[in-house]
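A.B. asks: Sharing a model prediction with you, sequence too.
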Amino acid sequence: MRLIKEWRQAWRYTSIWASGAGIGVLTAWNMMPIAVRDRVPDWIEALVGGVLFGLVFLARVVAQPKTTEKINAAK
């Protein structure tokens with residue numbers, strides 16, 4: 001495994017922020033009482049997971065020129 005050159009500045013990438021939001025949503029979901037979670041249909045759980053995955057994927061493959069500029073300026 002090799003790290004990317006700018007690994008110390010990776011927190012600036014949108015994909016990292018989207019992943020963090022996904023972890024927050026999943027943590028909040030798991031902290032909800034069972035009675036509340038049972039009232040939410042299963043398809044909504046799958047939809048939220050799919051949307052979060054899609055956002056992370058999309059954020060990772062889309063060029064982020066402003067972030068690249070900030071990373072290059074920090075060097």
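C.D. replies: All right, it came through fine.

A.B. asks: Centre-most residue in this structure?
C.D. replies: Ranked by distance to the mean C-alpha position of the chain (Cα atoms, centre = their mean), the top residue is Ser19 at 1.8 Å.

A.B. asks: Go ahead and confirm that one touches Phe57.
C.D. replies: No - between Ser19 and Phe57 no contact is recorded; they are 10.5 Å apart, counting by Cβ atoms under 8 Å. The way it works is simple: take the backbone N, C-alpha and C, and place the C-beta from them, glycine included.

A.B. asks: now the helices for this protein?
C.D. replies: Assigned by DSSP state H, the helices in the chain fall at 14-31, 34-39, 42-61, 65-74.

A.B. asks: now the angle from the third one to helix 14-31?
C.D. replies: To tie it back to what came earlier, the one meant is helix 42-61. For helix 42-61 against helix 14-31, the angle between stretch directions is 160 degrees (axes from the mean of the first three to the mean of the last three Cα atoms, to 10 degrees).

A.B. asks: and the closest residue to the residue nearest to the centre of the chain other than its chain neighbours, how far is that from Met32?
C.D. replies: For Ser19, the nearest residue in space outside its immediate sequence neighbours is Val56; the separation is 5.3 Å by Cβ to Cβ, 6 or more residues apart in numbering. As for Val56, its distance to Met32 is 23 Å (criterion: Cβ to Cβ, to the nearest Å).
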